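> just coords:
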Ligand SMILES: Nc1ncnc2c1ncn2[C@@H]1O[C@H](COP(=O)(O)OP(=O)(O)OP(=O)(O)O)[C@@H](O)[C@H]1O
């Protein structure tokens with residue numbers, strides 16, 4: 001048998017599509033910097049003061065040496081030098097601290113805004129992404145903004161300022177030599193301008209590879225047991241390693257281009273030096289300028305080197321940061337739900353149960369994907385138990401996703417309490433609903449945190465009651481720290497049935513007006529399932545309960561059963577009515593050995 005291609009099996013999916021041309025990177029960076037501009041300015045000023053104290057030292061040293069040779073007093077010069085050295089060290093340290101702190105604050109600002117987006121992303125947007133890749137954008141990409149702030153923004157400011165000041169000074173010395181210098185610098189700038197887009201592209205690809213590495217790692221760690229049981233460690237390791245190596249390759253490429261840009265700048269200055277020497281020499285020979293002017297000008301050319309290197313480094317670092325910003329912007333361009341206008345009000349005790357209506361609902365998960373619902377219609381009045389049954393892939397879970405407004409129908413309306421869910425305040429809508437999704441996850445943390453996840457304000461009595469009705473009391477008694485036992489990432493320390501009961505208790509604690517249970521008892525043993533069925537029946541007296549069930553035995557006593565097939569409602573009725581009137585239901589019931597008489 002042919003071995004499947006590792007490529008097919010292991011290539012991580014592509015990151016989100018590139019953002020439609022958003023604002024340029026510098027504007028996004030300035031947005032992040034704006035809250036910290038005072039600190040940034042202070043840091044930059046302190047850096048300038050540090051440079052100034054450094055520059056003053058040689059002058060004082062010259063005075064000291066002159067005084068020494070003249071046998072003059074040197075006490076004052078020594079004191080001044082000591083003060084300058086101390087000031088240089090002190091102000092330098094303070095400036096560097098202020099700048100680093102500000103850069104960290106810029107990273108924090110970017111992370112805060114990105115986290116806000118990530119948490120509120122629409123489910124439909126997340127469907128097309130890899131969590132590991134999104135994670136890398138919030139962690140790795142945002143980190144690059146630190147160097148972008150210090151090297152690029154501040155470097156451009158201080159380097160640019162020194163550069164302009166030196167050029168102005170040169171202007172007073174000799175305009176012809178300034179013209180020669182500017183011509184050489186312009187030539188170098190054009191070459192560097194051609195190089196920097198390559199740095200941007202390589203950095204973007206390096207960061208994309210980091211994202212793919214995150215996605216591949218998340219895939220392995222999220223399914224470690226299956227990976228081990230399938231003996232797929234080697235292939236998975238290879239995928240992660242490939243992504244890591246791709247990131248290395250692209251980073252090295254970016255480093256190569258950066259080095260080239262830096263050296264082009266250095267080379268251009270040497271070239272400027274020689275050209276100025278030649279042209280200046282000729283001008284001295286024709287008495288157009290004095291030797292002193294030429295020497296002074298050459299000294300300025302020499303002084304120009306440091307700020308030019310600083311500006312070039314700022315420009316190359318900017319490209320790295322811009323690549324990171326474009327990845328951050330790709331997330332920011334994904335559709336997100338509106339930020340909540342405040343905490344959702346908990347559902348008051350005894351709140352009226354909700355009604356649910358589907359009116360001609362058509363739905364597809366994406367524009368290029370097939371239609372899942374082809375005009376679904378049903379009415380669920382308040383209270384009672386309504387079951388959704390039908391073959392796998394019929395669109396039952398999709399019904400719940402549309403009620404929760406994880407997605408919007410492409411046509412038709414979903415109404416809760418007679419109001420289109422699109423018109424509901426999202427927070428209010430979801431506050432009214434308790435939802436136990438298929439394979440509902442238990443989150444890392446304690447059992448108590450998990451139970452209170454959807455209703456943190458619940459009191460101890462309500463908690464105990466939920467534990468009792470979901471028959472979790474035995475488990476709580478067994479656990480070493482009871483409710484405060486840590487249940488592991490994704491509830492790995494619990495059994496499948498225990499996880500389902502935790503999820504049901506979590507939903508019940510919200511005291512929902514509408515309870516959605518998707519295959520919520522599929523992993524329970526017969527005794528627990530019967531007990532939970534009684535609990536659900538009791539809840540359904542005051543709450544509208546919708547369940548999706550494959551095992552019809554769990555729903556034969558439902559008030560109404562909606563039979564779905566291939567995205568359509570085939571029939572609605574009680575078990576007895578459907579056995580008689582729906583061939584599909586009768587067949588399902590017959591294959592599950594249910595009494596159809
Ligand atoms: N996020 C998604 N993106 C694209 N297609 C999806 C998505 N979720 C579900 N589907 C597709 O929609 C169809 C209906 O899925 P749905 O989960 O609603 O079926 P179901 O009746 O609940 O099935 P089951 O009984 O097996 O849980 C399936 O063919 C599935 O492949």
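Happy to help now that I have it. Worth saying up front: this structure is predicted, and the values here are computed from it rather than measured.
> Residue 443 is in what secondary structure piece?
According to DSSP states H and E, residue 443 maps onto no helix or strand at all.
> Kindly apply the preceding question to residue 302 instead.
helix 291-332.
> outside of the following helix or strand past that helix, which residues touch it?
Next along the chain after helix 291-332, taking DSSP H and E as the criterion, comes strand 356-364. Residues from elsewhere that reach strand 356-364, judged by C-beta atoms under 8 Å, 6 or more residues apart in numbering: 370-380, 395, 398-399, 402-403, 407, 409-416, 418, 514, 544, 546. Backbone N, C-alpha and C define where each C-beta goes, glycine included.
> Remind me what the helix holding residue 302 packs against, helices and strands.
Contact partners of helix 291-332 among helices and strands, from 3 or more C-beta pairs under 8 Å, 6 or more residues apart in numbering; DSSP states H and E: helix 25-33, helix 75-120, helix 142-147, helix 155-173, helix 175-222, helix 233-285.
> Near the ligand, which residues of the chain are found?
Residues of the chain found near the ligand (C-beta under 6 Å from any ligand atom) are 127, 365, 369, 372, 392-398, 438.
> can we see that at 8 Å?
Contacts of the chain with the ligand, taken as C-beta under 8 Å from any ligand atom, map to 123-124, 127, 365-366, 369-370, 372, 388, 390-399, 401, 438, 518-519, 548, 550, 564, 567.
> re earlier: just give me the lowest mean pLDDT stretch among the helices and strands packed on helix 291-332.
Ranked by mean pLDDT, these end with helix 155-173 in last place, scoring a mean of 86.
> Can you give me the buried ones in it?
For helix 155-173, burial by neighbour count (16 or more other C-beta atoms under 10 Å) applies to 155-159, 162-163, 166-167, 169-170, 173.
> how far away is the residue in the stretch 101-250 of the chain positioned nearest to the ligand from residue 376?
Residue nearest to the ligand within the stretch 101-250 of the chain: residue 127 (4.5 Å; C-beta to the nearest ligand atom). Taking C-beta to C-beta, to the nearest Å as the measure, residue 127 and residue 376 are separated by 20 Å.
> Which per-residue confidence value corresponds to the residue of the stretch 101-250 of the chain closest to the ligand?
89.
> Skipping adjacent residues, who's closest to it in space?
residue 365 (6.9 Å; C-beta to C-beta, 6 or more residues apart in numbering).
> rewinding a little: what's the burial count for the residue of the stretch 101-250 of the chain closest to the ligand?
13 (other C-beta atoms under 10 Å).
> circling back: tell me which of the helices and strands packed on helix 291-332 sits most buried.
Of all the helices and strands packed on helix 291-332, helix 142-147 carries the top mean neighbour count, a mean of 21, counting by mean count of other C-beta atoms under 10 Å.
> How about residues contacting that helix?
By C-beta under 8 Å, 6+ apart, the surrounding residues in contact with helix 142-147 are 29, 32, 100, 103-104, 106-107, 110-111, 114, 207, 317, 320-321, 323-325, 328.
> again, only this time at 6 Å
103, 106-107, 110-111, 317, 320-321, 324 (C-beta atoms under 6 Å, 6 or more residues apart in numbering).
> What are the neighbouring residues in contact with residue 535?
Contact analysis of residue 535 by C-beta under 6 Å, 6+ apart lists residue 469.
> Quick one: residues contacting residue 118.
Going by C-beta under 6 Å, 6+ apart, residue 118 touches residue 134.
> Please report how far it lies from residue 112.
11 Å.
> do residue 324 as well
On the measure of C-beta to C-beta, residue 324 and residue 112 end up 16 Å apart.
> and this structure, what are its domains?
According to automatic domain parsing, the chain comprises the domains 24-332, 356-591.
> Ok, which of those domains comes nearest residue 338?
If you check each of the domains of the chain against residue 338 by C-beta to C-beta, domain 356-591 wins as the nearest, at 6.7 Å.
> same question for that closest one, mean pLDDT?
Domain 356-591 comes out at a mean pLDDT of 91.
> list the contacts for residue 56?
For residue 56, the contact set (C-beta under 6 Å, 6+ apart) comprises residue 84.
> which element is it on?
For residue 56, the host element (DSSP H and E) is helix 37-69.
> And that helix, how far out from the chain middle?
Put simply, helix 37-69 sits 43 Å off its chain's centre (C-alpha atoms, centre = their mean, to the nearest Å).
> Over to stretch 33-48?
27 Å.
> List the buried residues in that stretch.
Residues 33, 36, 39-40, 42-44, 46-48 are the ones in stretch 33-48 that count as buried (16+ other C-beta under 10 Å).
> about what we covered before: please indicate which of the residues of the chain next to the ligand are buried?
Buried members of the residues of the chain next to the ligand, scored by 16+ other C-beta under 10 Å, are 365, 372, 388, 390, 394-399, 401, 518-519, 548, 564, 567.
> Which members of those are positioned in strands?
If you go by DSSP state E, those have 372, 388, 518, 548, 564 in strands.
> ok, so of these, who is nearest residue 219?
Lowest distance from residue 219 to these (C-beta to C-beta) belongs to residue 518, with 24.1 Å.
> Show me the strands in the stretch 351-500 of the chain, by range?
356-364, 371-380, 384-389, 411-416, 419-420, 433-436 (DSSP state E, counting those that start in this stretch).
> Off-centre distance for the fourth one?
Here strand 411-416 is found 31 Å from its chain centre; the criterion is C-alpha atoms, centre = their mean.
> What lies in contact with it?
354, 356-362, 402, 420-421.
> Show me what counts as buried in that strand.
Buried residues in strand 411-416 (16+ other C-beta under 10 Å): 412, 414-416.
> cool, stretch 299-308 as well?
300-301, 303-305, 307-308.
> Now tell me which of the residues you listed the prediction trusts least.
Confidence-wise, residue 303 trails the rest of these, at 82.
> Surely it and residue 166 touch.
Yes. Assessed by C-beta atoms under 6 Å, residue 303 is found in contact with residue 166 at 5.4 Å.
> For the nearest residue to residue 192 once chain neighbours are set aside, give me its contacts.
Ranked by C-beta to C-beta, 6+ apart and with sequence neighbours excluded, the top spatial neighbour of residue 192 is residue 261, at 4.8 Å. Residues in contact with residue 261 (C-beta under 6 Å, 6+ apart) are 192, 195, 312, 316.
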